[in-house]
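[1] Got a sequence here, can you model it:
(chains A and B)
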Amino acid sequence: MKRRNFLKQSTLASSLVLVPSFVKAFETVAKESFGFKKLVIVQLSGGNDGLNTIVPFTNDLYYKNRPNLFIPKKDLIKATDHLGFHKSLAPLKNLYDQGYLTILNNVGYPNPNRSHFRSTDIWQTASDANEYLSSGWLGRYIDIYGKMPYSGIELDDSLSLILKGETMNGIATKNPKILFGNTQTPYFKKLLNKQSETHLSEHNLGYLYKTMIEASSSAKYIYETSTTFESTFTYPKNPFGEQLKTTAEFINSHLESKVYYVSMGGFDTHANQANKQSSLLQTYSESMEVFIKDLKQNDTFKDTLILTFSEFGRRVKQNAAGGTDHGAANNVFILGQNLKTKGFYNESPDLENLDANGDIVHSIDFRSIYATILDQWLRVNDTKILNKTFSKLDFI
Amino acid sequence: MKEKEIQHLYWRAGFGLGYNQLQHLKGRSKTNILGDLFSEAQNYTPIQLDLSEFGVVNRKDAVNVMSNMGATSLQQLRKKSQEKVKELNFAWVAKLGDSKAVFREKMTLFWANVFVCRDNNIVHLQQYNNTLRHHALGDFRTFVKAISRQASMSKYLNNKQNVKQSPNENFARELMELFTLGVGNYTENDIKEAARAFTGWSFLPNGDFYLRKNKHDFETKTFFGKTGNFDGDEIIDIILDQKQCATFICTKIYTYFVNPKIDKQRLDEITNLFYQDYNIETLMHYIFSSNWFYKETNIGVKIKSPMELIAGVYKIVPFSFNNKKQLLYLQKMMGQVLLYPNNVSGWKGDTYWIDSNTLMFRMKLASLLLNNAVINLEEKGEFEDSFERYYKREQNRNRYLKITQQWDTFNKEYAGVTPEDLQQVLILSKMDTDTENFIKNLSIGSNKDYCIQLMSLPEYQLC
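    Just a heads-up that it's a prediction; the model follows:
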């Protein structure tokens, strides 16, 4: 649905006393419509063990460091002469075979932090390790190119730092019906109905009213638009599958949202890692496979790029509990239809030259990936959003 | 003092006040009201949870005993400790609402967001929290020195790993960047030299400070142009010699207690005062005594923190959680979980509390707390959670908050109060004209209903 049509059809426009500046905000977005490329970001929350995800099966050091945790060769799905996919990743290997997957190895940043909180902050804000930013990189993207909260959606009930901007925030929902319902309580609705433009100029009070109005119109827009499309695919019955299904419905209903953020939990495998990780990777790759089929069938895969990262990888040496502890550099997955460098983008992890903690040293700064995506996929000024210039890579 | 001024004072120095207290204070002089507020704040009552399970840390041979405990027992002790940290959260939240020394509690909350720290060790963390409370209105110099000796801080900013042979600069850097001077007001070399002065600063299992002499660098250091055999305390003294330190702290004080928008002239005025002796109580008394603090442009313009919001509702309708975990749920959904700051730079406050999701939640808070509204949103899982637990939090939860509200107390206090007066008590900010009209035409069932309705307005988000 075109924005103009939405405006005409919207009961917001007909039943609410709309403020002129508010209408203008909508119109501006329509005019400045900034392309139609979508970006979906998936965080494997807790720190996925990249080394047992994509396994360097010819490296002796791998077996030496993981005497009880190595994945036997027979259980791997070989991709190159040296690297194989974890057996739970068969669906992902299919995508790899079709040329839809780029794997970047050894992604990280200088002076890696091993706290989940801090490292997630760093990945989400695109800051240096010793720098504290209060906005996320997707939030800053929305600041400049988004203009409405629905420009960025997190598939959850509360918003992460990644989608918080300086002047504009994204919006979080895993169920648009509930989101919408919460703005439709009789009291809230009556309150909104009474609003004319006078308050919008005032300082903090104006900000609250503006946020309230934007929240409610975004909720309405997301709900009404996304219900025009129902996915016909059967996603794996688990919450991550649900998140991706909802994301597909958002994208396939041509919601004008540009960026999506999904967090999948469970990867902090300090103990009994083998079974846990195996089932996690299965959940991830099976859901992702259906997601991409869904997009393909609706001809939206060509305009969607999916980035999967973890806040850190795990220690090369296994621990005493059959698990691994927090590490540093890790692999990152890029999924898309027209990738420039298909398959493996760079060298395998160097298990010989580890850092002082025994962790993999990064050779690609994660912000180079962001810069590349901003510049070559979303076609916006990456330096403005990342506050710095990072060298671009060559995968899209 | 006028009603509005008293409310303003009590919102900034505390968490608001109810009708009776307001009537009681109305008409009294500023000197008189401030006198009481400050003398009540003299009372320092630490939080003291039952930590007998962790008695081992007090033994002389604690280090040995603990290293012989075995991995499983230690793991269990750690788990218990993590649970106790949640209890500390509950005890602290309760104190915000109940403490007679309300101004001290407000200051404690403020300092917790300056000297930001996080720890899973309950013995150390409770000490840390009480250190904030103890020094909250005292001498800033003594305060910074006490904080620098805390076990929780030593771990949080890696000063524990800061040794002569291989200095760790984390604490020295954040001490200057986030606690005293602000970014850009020191050199990288100042950090290096300061880090050397804090080498060997360590702690015993019970949290007591001690200096590991063989890890401490006793050599000469050059810091801010001065040269000497400085130790950590002397580094702190030199930092406080910089006027920038007073400016940095007063900027935080001003935006937190006066107005998120800074008036340069007033900031200079309080900075000059604070720089004289770094006495926190003197500074605060000066601000609250000034006429400019009560200017209309400063009243009702600050966005309440989630804690101010919760404690503020409590001041009007006292309630208790039957399922304390739900208190954590509220804090998570609104983005401020006490004792669990996201990072050392703390919560940014004011507009940073607000996004579409938090605002909608905050406007529903009164209904959740006081009117059994259905919970239909879930908090995020933890990093450490398994996949199942990460997503399936709601199954363990009743879909309502399990809360006991003391409506009797409310009804007694507000029985004869007119709707106009109730509105005066609850809303401090200017009213949006449209909303004011809406409220005027609202048919008011009872003071209870009207109270919940007023608390659900955007205006109630401000103090």
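
[2] what about residue A:44, distance to chain B?
    Using CB to the nearest CB, to the nearest Å, we find residue A:44 at a distance of 11 Å from chain B. For the C-beta atoms, the positions are set from N, CA and C on the backbone; glycine is no exception.

[3] give me the number of residues near the nearest residue to that residue once chain neighbours are set aside?
    Once flanking residues are discounted, residue A:44 sits nearest to residue A:310: 4.3 Å by CB to CB, 6 or more residues apart in numbering or on different chains. Neighbourhood size, residue A:310 [other CB atoms under 10 Å in any protein chain shown]: 26.

[4] wait, residue A:310 sits on residue A:330?
    Yes: using CB atoms under 8 Å, residue A:310 is in contact with residue A:330, at 5.5 Å.

[5] Which neighbours do the two have in common?
    Among the neighbours of residue A:310, those also in contact with residue A:330 (CB atoms under 8 Å, 6 or more residues apart in numbering or on different chains) are A:47-48, A:50.

[6] I'd like to know which of these is nearest to residue A:371.
    residue A:50 (21.6 Å; CB to CB).

[7] distance between stretch B:14-34 and the chain's centre?
    23 Å (CA atoms, centre = their mean, to the nearest Å).

[8] in it, what's buried?
    Residues of stretch B:14-34 classed as buried: B:14-19, B:22, B:25, B:30, B:33-34 (neighbour count, 16 or more other CB atoms under 10 Å in any protein chain shown).

[9] What's the mean pLDDT across it?
    For stretch B:14-34, mean pLDDT is 97.

[10] and that stretch, C-alpha only, in PDB?
    In PDB, the C-alpha atoms belonging to stretch B:14-34 read as follows (Å, rounded to 0.1, in the frame of the first residue of the first chain):
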ATOM      1  CA  GLY B  14      12.500  13.300  47.200                       C
ATOM      2  CA  PHE B  15       9.700  11.400  45.400                       C
ATOM      3  CA  GLY B  16       6.800  13.800  45.800                       C
ATOM      4  CA  LEU B  17       4.300  14.000  48.600                       C
ATOM      5  CA  GLY B  18       0.700  13.400  49.400                       C
ATOM      6  CA  TYR B  19      -2.200  15.700  50.300                       C
ATOM      7  CA  ASN B  20      -1.900  15.600  54.100                       C
ATOM      8  CA  GLN B  21       1.800  16.300  54.100                       C
ATOM      9  CA  LEU B  22       1.300  19.100  51.700                       C
ATOM     10  CA  GLN B  23      -1.400  20.700  53.900                       C
ATOM     11  CA  HIS B  24       0.900  20.200  56.900                       C
ATOM     12  CA  LEU B  25       3.800  22.100  55.200                       C
ATOM     13  CA  LYS B  26       1.800  24.800  53.500                       C
ATOM     14  CA  GLY B  27       2.500  28.300  54.700                       C
ATOM     15  CA  ARG B  28       5.600  27.400  56.600                       C
ATOM     16  CA  SER B  29       8.800  29.300  55.800                       C
ATOM     17  CA  LYS B  30      11.500  28.000  53.500                       C
ATOM     18  CA  THR B  31      14.000  27.900  56.300                       C
ATOM     19  CA  ASN B  32      11.700  25.900  58.400                       C
ATOM     20  CA  ILE B  33      10.800  23.400  55.700                       C
ATOM     21  CA  LEU B  34      14.400  23.000  54.500                       C
END
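
[11] Identify the residues contacting that stretch?
    For stretch B:14-34, contacts defined as CB under 8 Å, 6+ apart pick out B:1-3, B:5-7, B:9-10, B:37, B:96-97, B:102-103, B:105-106, B:285, B:288-289, B:308, B:311-312, B:314-316, B:413-414, B:417, B:421-422, B:425, B:463.

[12] Take the residues you listed and keep only those in helices.
    The helices, defined by DSSP state H, take in B:3, B:5-7, B:9-10, B:37, B:96-97, B:102-103, B:105-106, B:285, B:288-289, B:308, B:311-312, B:314-316, B:413-414, B:421-422, B:425 from the contacts of stretch B:14-34.

[13] What backbone torsions are found at residue A:325?
    Backbone torsions for residue A:325, taken as degrees, to the nearest 10, come to phi -100, psi 180.

[14] That one: what's it in contact with?
    Contacts for residue A:325 (CB under 8 Å, 6+ apart) come out as A:270, A:314-315, A:319.

[15] Equivalent analysis for residue A:264, please.
    Taking CB under 8 Å, 6+ apart, one finds A:42-45, A:240, A:243, A:280, A:283-284, B:387 in contact with residue A:264.

[16] For beta bridges, what are the partners of it?
    Counting by DSSP bridges, residue A:264 is bridged to residue A:44.

[17] Which one of the residues in the stretch 201-350 of chain A is closest to chain B?
    Proximity to chain B, evaluated over the stretch 201-350 of chain A using CB to the nearest CB, is greatest for residue A:265 at 2.7 Å.

[18] wait, that residue sits on residue B:387?
    Yes: with contact defined as CB under 8 Å, residue A:265 and residue B:387 form a contacting pair (5.9 Å).

[19] Was I right to think residue B:45 contacts residue B:99?
    Yes: using CB under 8 Å, residue B:45 is in contact with residue B:99, at 7.3 Å.

[20] More neighbours: those two, which one.
    It is residue B:99, of residue B:45 and residue B:99, that has more neighbours when counted by other CB under 10 Å, with 20 against 13.

[21] hey, which helix is longest across chain A?
    Per DSSP H, chain A has its longest helix at helix A:273-297.

[22] Run through the neighbouring helices and strands of that one.
    Contact here means 3 or more CB pairs under 8 Å, 6 or more residues apart in numbering or on different chains; DSSP states H and E; on that basis helix A:273-297 packs against strand A:38-44, helix A:90-97, helix A:239-252, strand A:259-264, strand A:304-309, helix B:387-391.

[23] give me the element residue A:71 is part of.
    Following DSSP states H and E, one finds residue A:71 outside all helices and strands.

[24] what about residue B:108, which helix or strand?
    According to DSSP H and E, residue B:108 maps onto helix B:102-112.

[25] Just the buried positions in that helix, please.
    B:102-112.

[26] and if you look at stretch A:206-224?
    Using 16+ other CB under 10 Å as the test for burial, stretch A:206-224 gives A:207-224.

[27] how close does the residue of chain B found nearest chain A sit to residue A:48?
    Nearest residue of chain B to chain A: residue B:390, at 2.7 Å (CB to the nearest CB). Residue B:390 sits 13 Å away from residue A:48 when distances are taken as CB to CB, to the nearest Å.

[28] between these two, who's got more neighbours?
    The neighbour comparison of residue B:390 against residue A:48 (other CB under 10 Å) goes to residue A:48, with 28 against 23.

[29] what sits against that one?
    In this structure, residue A:48 makes contact with A:267, A:277, A:280, A:310, A:313-314, A:330, judged by CB under 8 Å, 6+ apart.

[30] now with 6 Å?
    A:267, A:310 (CB atoms under 6 Å, 6 or more residues apart in numbering or on different chains).

[31] a strand runs through it, doesn't it?
    No: counting by DSSP: H, G, I helix; E, B strand; the rest coil, residue A:48 is not part of a strand but coil.
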